[in-house]
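Engineer: let's see this in three dimensions:
(one chain, ligands or ions: 1)
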Amino acid sequence: MKLTFRWYGEDDSIKLKFIRQIPAMSGVVTAVYDVPVGEKWSDKSLERLKQVANGENLEFEVIESIPVHEDIKLGKPSRDKYIENYIHNLRAAAKVGVKCVCYNFMPVFDWLRTTLKHINADGSNSLAYSHEDFAKVNPDELHLPGWDESYSPDELKALLNEYKSISHEKLFENLVYFLKKVIPVCEECGINMAIHPDDPPWDVFGLPRIISSEENLDKLFSAIPSTANGLTFCTGSLGAGRSNDLIKMAAKYAAQGRIHFVHLRNILYTDDKDSFAETGHLTAEGSLDMAAIVRALVKNGFNGYVRPDHGRNIWDEDGKPGYGLYDRALGAAYINGLFEMTEGE
Ligand code: DNO
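Structural biologist: Reported below is the predicted structural model:
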């Protein structure tokens, strides 16, 4: 596997030289952040990312994300223009050596939590989702950092309204329409697409979500059999769905060559409904068996990109939610241990 670390570009307060010092770190996962969703990225921006990363001996082979414009998800006539721009960005990324692109197909919102600072038993804080608090959230007033786009209240209302006519089936058709155009280009230029699962993996605010379970993934892969149509195996996202069997899914999709990128983090189920808190990465800290998941990946031939996902804020760090340095670095060291052990067996 290749260990990577998410880096938010030159505005990230976490310096590349610190990332480089995490043992076995091979590269950064990043994106062009100053272009509106759906527009074209310049060769210059991508070359700059590569040059800056390479300057610290870090590779730049994974993009997270090239975001998908809502018109593509909604299947509007303008989608063809946005798909053309997407293809332009894929080709431009391939030119600088990018091999994997993480993206999602969640309507309007990306990940969703009810607090960014849940206090853990050890005094650290992390993101959490509470079933009870979610019932009180008004989507019109919601702003969470890290989303690809935030809207004015009026734009958001209009957008939510447009989704009223979009069923799960329709959204899936729109995903397939998008991939039918994009995947042949990926095959030609050596890029693997890695869809990120819904986080959390269920419908929110009445919006359909379609990448939440094994059944959903099987349907996606049989619609577009090319292995360039693959998955970001995000343990925290899929694991929030308690009926998902992560060990089985890791084994199955690794064996199929569908897993191009792995996000590793643990979560703790905090009630008997669907609430959870993000914890440190270790198996012992949460509800997911991280060691068994890594074993299932490795034993089934996984050899792709991995990154430690969200960390807690520890040691008084006040990092970007989920993306501080310290706990992700601890996570990386732990992940190294799991892979070293398993790959050597
Ligand atoms: C959250 C991330 C997601 C992910 C996107 C991919 O921390 O894992 O925001 O980057 O869903 O498009």
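Engineer: okay, CA-based contacts and neighbour counts for the rest of this
Structural biologist: OK.
Engineer: of all the residues in the chain, which ones are close to the ligand?
Structural biologist: 64, 65, 102, 103, 104, 110, 111, 196 (CA under 6 Å from any ligand atom).
Engineer: mind redoing it with 5 Å?
Structural biologist: Residues of the chain found near the ligand (CA under 5 Å from any ligand atom) are 65, 103, 104.
Engineer: could you pick out which of these are located in strands?
Structural biologist: When the residues of the chain next to the ligand are checked against strands using DSSP state E, the ones located there are residue 103.
Engineer: wait, what's in contact with residue 156?
Structural biologist: residue 140 (CA atoms under 8 Å, 6 or more residues apart in numbering).
Engineer: one step back: can you lay out the residues of the chain next to the ligand as TSV showing pLDDT and neighbour count?
Structural biologist: Output for the residues of the chain next to the ligand, formatted as TSV (pLDDT from 0 to 100; neighbours: other CA atoms under 10 Å):
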residue	pLDDT	neighbour count
65	96	20
103	98	19
104	98	22
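Engineer: wait, residue 2 sits on residue 302?
Structural biologist: No. Judged on CA atoms under 8 Å, residue 2 makes no contact with residue 302 at a distance of 10.5 Å.
Engineer: neighbour-wise, which of the two wins?
Structural biologist: residue 302 (24 against 14; other CA atoms under 10 Å).
Engineer: residue 41: which of the residues of the chain next to the ligand is nearest?
Structural biologist: residue 65 (12.2 Å; CA to CA).
Engineer: return the residues in contact with the residue of the stretch 101-250 of the chain found nearest the ligand.
Structural biologist: Per CA to the nearest ligand atom, residue 103 is where the stretch 101-250 of the chain lies closest to the ligand, at 3.6 Å. By CA under 8 Å, 6+ apart, residue 103 lies in contact with 64, 65, 66, 67, 68, 193, 194, 195, 196.
Engineer: list the contacts of the first one.
Structural biologist: So that's residue 64. 29, 30, 31, 101, 102, 103.
Engineer: so the nearest residue to it once chain neighbours are set aside bridges to which residues?
Structural biologist: Spatial nearest neighbour of residue 64, excluding adjacent residues (CA to CA, 6 or more residues apart in numbering): residue 102 at 4.8 Å. Beta-bridge partners for residue 102, by DSSP bridges, are residue 64, residue 194.
Engineer: report pLDDT for residue 102.
Structural biologist: Predicted confidence (pLDDT) for residue 102: 98.
Engineer: what's around it, how many residues?
Structural biologist: Neighbour tally, residue 102, other CA under 10 Å: 21.
Engineer: next up, the contacts around it.
Structural biologist: 62, 63, 64, 65, 66, 193, 194, 195, 196, 232, 261.
Engineer: you'd agree the second one is up against residue 30?
Structural biologist: Yes. Between residue 63 and residue 30 a contact is recorded at 5.2 Å, counting by CA under 8 Å.
Engineer: and residue 250, how far from residue 299?
Structural biologist: Distance, residue 250 to residue 299, by CA to CA, to the nearest Å: 10 Å.
Engineer: next: residue 226.
Structural biologist: Residue 226 is 22 Å from residue 299, by CA to CA.
Engineer: next one: residue 26
Structural biologist: In terms of CA to CA, residue 26 sits 22 Å off from residue 299.
Engineer: quick one: which of the two has more around it?
Structural biologist: residue 26 (19 against 16).
Engineer: I'd guessed that one sits against residue 16; true?
Structural biologist: No. Applying CA under 8 Å as the test, residue 26 and residue 16 come out as separate, 11.6 Å apart.
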